[in-house]
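Colleague: Got a predicted structure plus its sequence, pasted below:
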Amino acid sequence: MTADVLSHFGRLDELIQIIYQGFSRFIVLSQVNESAWTIHLALKGPEGRWWRGSWSAQDILHVVVRPVVFVIQSLALTSTVI
């Protein structure tokens with residue numbers, strides 16, 4: 001199941017995006033492979049920095065599935081049968 005999660009991120013592979021926020025420019029590079037989704041984020045300019053984050057399929061499932069299960073459980077507790 002975890003391998004299937006990253007297959008849905010295929011459109012994000014080799015994505016390059018420039019984001020303008022006020023006077024700041026950010027560059028986002030995205031890469032997806034069998035084991036993880038990796039993002040490189042750069043702040044362009046004299047105070048430029050690079051940041052890298054990587055998420056495995058288990059990380060993604062933890063973020064997405066856990067809130068959904070919580071909502072479903074909450075609905076089950078508050079719903080009444082007529």
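Modeller: Arrived safely, thanks for sending.
Colleague: And the helices in the protein?
Modeller: Counting by DSSP state H, the segments of the chain that form helices are 2-7, 57-78.
Colleague: By mean pLDDT, show me the worst of those helices.
Modeller: Sorting the helices of the chain by mean pLDDT places helix 57-78 lowest, at a mean of 69.
Colleague: so residue 52 sits right up against residue 38, yeah?
Modeller: Yes: Residue 52 lies in contact with residue 38 (Cβ atoms under 8 Å); the separation is 6.8 Å. All C-beta atoms are positioned from the backbone trio N, CA, C, and that covers glycine.
Colleague: Tell me which of the two has more neighbours.
Modeller: residue 38 (16 against 10; other Cβ atoms under 10 Å).
Colleague: okay, that one: pLDDT?
Modeller: 93.
Colleague: Does it touch residue 31 like I think?
Modeller: Yes: assessed by Cβ under 8 Å, residue 38 is found in contact with residue 31 at 4.7 Å.
Colleague: Backbone dihedrals for residue 34, please?
Modeller: phi -60, psi -20 (degrees, to the nearest 10).
Colleague: for the closest residue to residue 40 other than its chain neighbours, what are its contacts?
Modeller: Nearest residue to residue 40 in three dimensions, chain neighbours excluded: residue 29, at 4.2 Å (Cβ to Cβ, 6 or more residues apart in numbering). Shown in contact with residue 29 (Cβ atoms under 8 Å, 6 or more residues apart in numbering): 15, 16, 39, 40, 41, 42.
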